[in-house]
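*Asks:* Turn this into a structure:
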Amino acid sequence: MSDQLQIRINGPPALPTLIYLPGVHGNWKLIGGFRCALNNRVRFVEISYPSTLTWSLDEHATAVVAALAEHGITRGWLLGESFSSQVVWIILARNKFLVEGLILAGGFVRHPWRWAVRLAQRFFSDFSFSVLSRVFCAYAWVTPFRFRRSPGTYLEIRDFIAGLTPRDFQSFRHRLDLIIQNDPRSIARQATLPIYALTGFFDPVVPWLWVRRWLRKNCPALREYKIIGRADHNVLGTAPEAAAEQILRWMVH
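*Replies:* Numbering: from 1, shown residues only. The predicted structure is shown next:
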């Protein structure tokens, strides 16, 4: 992967713009099923982060806005998946990009179980690249069932895992550290633009009961929090059609 942030654009400028920022894996390699489900009804912009071990969340946000500006994109809806929910809060607070709406996919404000994030960090720190590769390959064996409603996503996952490097695992750990350090609750409290969230019912990564409760109590801009019953944390991959239809309804509401 390049050491620079990458961007690719699907669709003409006349369509509403939806900008996807990825989860802790950091790239667009797992979003194909969702992209297909959108069926060219929006201008879908995809972001891929470099495997950096040094960038702060501020630097992630700066790089995203700069890349969008280079392509003449100055406004749109932000779709922050998991880790990138932390990046989109910063973009929102800086007010240098016209955010028309904010959507969290398996996202959060301050992670309610930071001890679990630290545990995940230890997983990437304590095991060798060889062991981690075997764990991820074992995961790939069960993905045909998990992604049976999106077989293209299974192929993406297989190719993604095959291409993982030690640097990638180090970057995963770095992104988890950024999650632990970050607390954007004041940004969420002060937000005024439309905010939406969706996640799968089976989500052991980001416990939606805690996230939803906090948002409903403390974020006046929250319009709706949608739980998709047969999906998990990777809601855009495990329920691409349902997620796409819900997001499109929010964008035209």
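*Asks:* C-alpha only now, for contacts and for neighbours.
*Replies:* Fine.
*Asks:* how about stretch 206-214: buried residues?
*Replies:* 206-208, 211-212, 214 (16 or more other Cα atoms under 10 Å).
*Asks:* Name the residues that touch it?
*Replies:* Contact partners of stretch 206-214, identified using Cα atoms under 8 Å, 6 or more residues apart in numbering, comprise 82, 106-109, 111-113, 199, 225, 233.
*Asks:* Restricted to strands, list these.
*Replies:* Mapping these onto strands (DSSP state E) picks out 199, 225.
*Asks:* which pair in the contacts of stretch 206-214 spans the largest distance?
*Replies:* Across the contacts of stretch 206-214, the longest distance by Cα to Cα is 19.3 Å; it joins 113 and 225.
*Asks:* Among those two, which residue is more densely surrounded?
*Replies:* residue 225 (19 against 13; other Cα atoms under 10 Å).
*Asks:* what sits opposite that one in the beta ladder?
*Replies:* Here residue 225 sits in beta bridges with residue 197, as judged by DSSP bridges.
*Asks:* possible to save the contacts of stretch 206-214 as a markdown table with pLDDT and distance to residue 29?
*Replies:* Shown next, in a markdown table, are the contacts of stretch 206-214 (pLDDT from 0 to 100; distance: Cα to Cα, whole Å):
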| residue | pLDDT | distance to residue 29 |
| --- | --- | --- |
| 82 | 97 | 15 |
| 106 | 97 | 17 |
| 107 | 98 | 19 |
| 108 | 98 | 22 |
| 109 | 98 | 25 |
| 111 | 97 | 24 |
| 112 | 95 | 27 |
| 113 | 94 | 27 |
| 199 | 97 | 19 |
| 225 | 98 | 26 |
| 233 | 91 | 16 |
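*Asks:* Narrow the contacts of stretch 206-214 to just the buried residues.
*Replies:* For the contacts of stretch 206-214, a burial check counting by 16+ other Cα under 10 Å picks out 82, 106-109, 111-112, 199, 225, 233.
*Asks:* wait, which of the residues you listed is closest to residue 170?
*Replies:* Among the buried ones among the contacts of stretch 206-214, residue 82 lies closest to residue 170 (Cα to Cα), at 17.8 Å.
*Asks:* pretty sure the closest one is touching residue 23, no?
*Replies:* Yes. Contact status for residue 82 versus residue 23: in contact at 4.8 Å, counting by Cα atoms under 8 Å.
*Asks:* gap between stretch 43-58 and the chain center?
*Replies:* On the basis of Cα atoms, centre = their mean, to the nearest Å, stretch 43-58 sits 10 Å off its chain's mean C-alpha point.
*Asks:* and if you look at stretch 169-182?
*Replies:* Computed by Cα atoms, centre = their mean, the separation of stretch 169-182 from the middle of its chain amounts to 14 Å.
*Asks:* before we move on, what about stretch 45-64?
*Replies:* The chain centre lies 12 Å from the centre of stretch 45-64; the measure is Cα atoms, centre = their mean.
*Asks:* Could I have the CA atoms of it written out in CSV?
*Replies:* Extracted in CSV, the C-alpha atoms of stretch 45-64 (Å, rounded to 0.1, in the frame of the first residue of the first chain):
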residue,chain,number,x,y,z
VAL,A,45,-16.1,8.3,-2.5
GLU,A,46,-13.8,5.7,-0.9
ILE,A,47,-10.9,6.5,1.4
SER,A,48,-7.9,4.2,2.1
TYR,A,49,-5.4,5.1,4.8
PRO,A,50,-1.7,4.3,4.6
SER,A,51,-0.3,1.7,7.0
THR,A,52,1.0,4.5,9.2
LEU,A,53,2.4,4.0,12.7
THR,A,54,2.6,7.7,13.5
TRP,A,55,-0.4,9.6,12.2
SER,A,56,-2.7,11.1,14.9
LEU,A,57,-6.5,11.3,14.4
ASP,A,58,-6.0,15.0,13.5
GLU,A,59,-3.6,14.0,10.7
HIS,A,60,-6.0,11.4,9.4
ALA,A,61,-8.7,14.1,9.3
THR,A,62,-6.4,16.6,7.6
ALA,A,63,-5.4,14.1,5.0
VAL,A,64,-9.0,13.2,4.2
